[in-house]
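S.K.: Sharing a sequence plus its predicted fold:
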Amino acid sequence: MGYKEKYQNWLSFADDQTKEELLSVRNDEKEIEDRFYKDLAFGTGGLRGIMGAGSNRMNRYTVGRATYGLANYLKSKFSGEIKVAVAYDSRNNSAYFAGISAEIFANCGFKVFLYDTLVPVPVLSFTTAYLGCNAGVMITASHNPKEYNGYKVYDSRGCQLCTEDAEQAIGFINQIEAYSAIPFGNASKENITMIGENVLSAYLAELKKQSLYEEKSDLKIVYTPLHGTGNVPVRRMLQGMNVTVVKEQELPDGNFSTVRSPNPEEKDALLIAIEKAKAINADIVLGTDPDCDRVGIAVKNSSGEYVLFTGNQTGALLVKFVLDMKKSLLNPKSTLIKTIVTSELGADIGRKYGLHIVETLTGFKYIGDKINQYEDSGEKEFVIGYEESYGYLVGTHARDKDAVVSAMLICQMAAWYKNHGKTLTDGLNEIYSEYGYYLDALDSFVLKGKDGTEKIQSLMSFFRKKGTALFDGIEKIVDYVQGIDDLPKENVLKYIWKDGSWMAVRPSGTEPKIKVYYSVKDESRENAKKRLADIKNIMHGIIE
């Protein structure tokens with residue numbers, strides 16, 4: 001069915017509000033094409049897209065289709081009573097989509113545990129296993145702009161569905177061709193149990209077990225939840241520390257009205273917090289994204305300036321801190337897990353402490369899946385996992401990145417350094433002195449719509465064809481679409497230089513972007529900056 005036919009079909013069955021929105025774009029051919037040229041598809045993080053009417057948008061019908069398909073998948077996999085946990089973040093329509101999902105699961109005869117308030121992603125991950133559920137659903141679009149929402153699916157141990165399970169679930173979703181088949185409508189209240197404080201408290205109690213340093217310190221912290229779910233749990237984990245919360249960004253706001261984008265990877269998301277830090281002479285700034293699975297930091301250096309740390313830098317510091325504090329507990333099975341686009345710096349630190357280093361594809365679900373495997377086999381013991389995109393996990397209470405436990409450990413780490421007369425910047429420089437200087441960067445090129453999708457495909461074909469001729473000094477190219485090192489096949493190219501520097505290119509699984517990751521290793525900071533600038537200039541010239 002073409003996009004025009006899909007558009008007319010939706011006009012025939014949609015509710016009045018949806019129909020009104022569709023009719024408002026009836027004279028905009030390009031807009032109709034963008035809304036209907038494809039069905040919103042599962043990527044590295046489940047469903048994610050712009051909210052609105054259409055098969056390529058997040059709305060009650062696409063959420064309903066995903067939920068009903070998932071319900072049929074669960075019925076094919078489990079017998080007896082099936083239980084599902086459902087949670088949501090602070091985005092516009094998140095509670096609404098969660099309610100629709102709970103309703104459909106309940107109408108399929110499932111026992112549903114629905115949160116009565118917004119909670120972070122790692123809380124849903126924890127809840128799924130804690131309540132003995134067969135699956136979990138989290139309504140969130142992570143750090144995306146306000147126009148987006150999404151739908152993440154978790155297995156019985158709180159790990160996002162990985163390749164095989166995701167493909168099976170997608171198969172059931174694709175079987176639903178008629179939206180009229182979806183069991184919308186008021187569900188029996190007996191099938192839906194509202195949950196909240198009791199489960200959240202159990203989650204926080206598990207996090208407390210990961211605490212590593214509780215000595216008193218005069219460390220001053222400024223924290224912003226960026227209008228998201230982190231406000232309550234992060235503040236509870238930082239009790240007893242000197243924390244100032246950014247009032248303008250404290251309360252939930254699906255429009256994220258004080259920021260361009262609620263992404264702690266971006267400098268402007270932390271600008272208000274940094275101004276607050278300057279006013280009170282704070283040592284460190286923390287910002288968590290709306291679903292509180294990522295945390296970004298800015299640290300006051302010796303000149304009084306607030307320096308933003310990359311995910312790789314914070315990750316390397318956390319690796320060293322955790323391994324120092326757990327030195328006596330490490331054993332021959334101890335393992336660090338990172339993704340293929342994460343810097344080698346943290347891995348180098350882990351190797352020095354004798355840890356196994358394991359790499360996964362991009363997406364924290366692959367790290368969670370490794371934890372599941374180790375739990376089953378006993379072959380390795382998970383110590384820490386992280387990715388360059390500001391996601392970290394210590395502990396096995398969750399199978400997804402967790403900004404709540406990370407915020408606690410980052411602040412404890414900063415307190416440890418301050419009690420020893422140092423800042424986190426000093427700690428990072430000590431690491432560079434020992435392991436060499438690593439300069440990491442990320443470029444994201446937004447290419448929207450059908451034309452953008454085609455351009456991304458064309459660019460990946462160009463990079464494959466160009467091969468080692470793209471840059472001087474390339475030792476090898478790793479093409480993960482071939483299924484390298486027993487990893488699932490993924491559309492990622494990694495160019496590796498002879499000195500260990502590398503660059504990776506991949507289309508985003510959740511946004512209309514092509515991403516380029518850079519990691520330059522050099523003894524000289526200035527040389528690294530020049531090399532990075534030269535590489536980036538070439539890539540910008542090709543893509544832009």
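M.R.: All right, it came through fine.
S.K.: which residues in the stretch 1-150 of the chain form helices?
M.R.: Taking DSSP state H, counting those that start in this stretch to define them, one finds helices in the stretch 1-150 of the chain at 3-13, 16-23, 29-36, 60-77, 94-107, 121-130.
S.K.: what helices or strands is the third one leaning on?
M.R.: This means helix 29-36. Under the contact definition 3 or more Cβ pairs under 8 Å, 6 or more residues apart in numbering; DSSP states H and E, helix 29-36 sits against helix 3-13, helix 449-466. Where you see a C-beta, it was placed from the backbone N, CA and C, and this is true even at glycine.
S.K.: any low-confidence regions in the protein?
M.R.: 42-45 (pLDDT under 70).
S.K.: okay, now residue 236: neighbour count?
M.R.: Applying other Cβ atoms under 10 Å, we find 15 residues neighbouring residue 236.
S.K.: Next, it: phi, psi?
M.R.: Main-chain dihedrals, residue 236, degrees, to the nearest 10: phi -70, psi -40.
S.K.: Same check on residue 15?
M.R.: According to degrees, to the nearest 10, residue 15 has phi -70, psi 170.
S.K.: Now it. Nearest residue, chain neighbours left out?
M.R.: residue 60 (7.8 Å; Cβ to Cβ, 6 or more residues apart in numbering).
S.K.: quick one: the one you found from residue 456, how far?
M.R.: Residue 60 sits 29 Å away from residue 456, going by Cβ to Cβ, to the nearest Å.
S.K.: Please apply the same query to residue 354.
M.R.: Counting by Cβ to Cβ, the gap between residue 354 and residue 456 amounts to 41 Å.
S.K.: neighbour count winner among the two?
M.R.: residue 456 (20 against 11).
S.K.: and that one, what does it touch?
M.R.: Going by Cβ atoms under 8 Å, 6 or more residues apart in numbering, residue 456 touches 447, 507, 512, 514.
S.K.: Kindly recompute the last result at 7 Å.
M.R.: 447, 507, 514 (Cβ atoms under 7 Å, 6 or more residues apart in numbering).
S.K.: Among the residues you listed, which one lies nearest to residue 122?
M.R.: For the contacts of residue 456, the minimum distance to residue 122 (Cβ to Cβ) is 26.4 Å, reached by residue 507.
S.K.: Ignoring the adjacent residues along the chain, who's closest to that closest one?
M.R.: Residue 507 sits nearest to residue 456 (Cβ to Cβ, 6+ apart), 4.9 Å away.
S.K.: Same check on residue 161?
M.R.: residue 153 (5.0 Å).
S.K.: does that neighbour count as helix, strand or coil?
M.R.: For residue 153, the assignment made with DSSP: H, G, I helix; E, B strand; the rest coil gives strand.
S.K.: And it, how close does it get to residue 294?
M.R.: 19 Å.
S.K.: and those two? which has more neighbours close in?
M.R.: residue 294 (27 against 24).
S.K.: Distance check, that one against residue 312.
M.R.: 13 Å.
S.K.: Please enumerate the shared neighbours of those two.
M.R.: By Cβ under 7 Å, 6+ apart, no residue touches both residue 294 and residue 312.
S.K.: who does the helix or strand hosting residue 202 touch, helix- and strand-wise?
M.R.: Element membership of residue 202, judged by DSSP states H and E, is helix 197-208. When contacts are defined as 3 or more Cβ pairs under 7 Å, 6 or more residues apart in numbering; DSSP states H and E, helix 197-208 packs onto helix 121-130, helix 231-237, helix 403-419.
S.K.: That one: which residues count as buried?
M.R.: Buried residues in helix 197-208, counted by 16 or more other Cβ atoms under 10 Å: 199, 200, 203, 204, 206, 207.
S.K.: Kindly report the same for stretch 77-92.
M.R.: Neighbour-count burial for stretch 77-92 [16+ other Cβ under 10 Å]: 77, 82, 83, 84, 85, 86, 87, 88, 89, 90, 91, 92.
S.K.: now, which of the residues you listed sits nearest residue 316?
M.R.: Out of the buried residues of stretch 77-92, the member with the shortest distance to residue 316 (by Cβ to Cβ) is residue 89, at 28.5 Å.
S.K.: For that closest one, what are phi and psi?
M.R.: phi -100, psi -160.
S.K.: just residue 359 next, same as before
M.R.: phi -110, psi 140.
S.K.: Just to check, it is in contact with residue 341?
M.R.: No: with contact defined as Cβ atoms under 7 Å, residue 359 does not count as touching residue 341 (9.6 Å).
S.K.: Counting neighbours around each, name which of those two comes out higher.
M.R.: A count of neighbours by other Cβ under 10 Å puts residue 341 above the other of residue 359 and residue 341, at 26 against 19.
S.K.: so the nearest residue in space to that one that is not next to it in sequence is in which element?
M.R.: Nearest residue to residue 341, sequence neighbours excluded (Cβ to Cβ, 6+ apart): residue 517, at 4.4 Å. Secondary structure from DSSP H and E places residue 517 in strand 513-522.
S.K.: cool, and residue 422?
M.R.: Here residue 422 is assigned to no helix or strand, by DSSP H and E.
S.K.: how many neighbours does it have?
M.R.: By the other Cβ under 10 Å criterion, the neighbourhood of residue 422 contains 15 residues.
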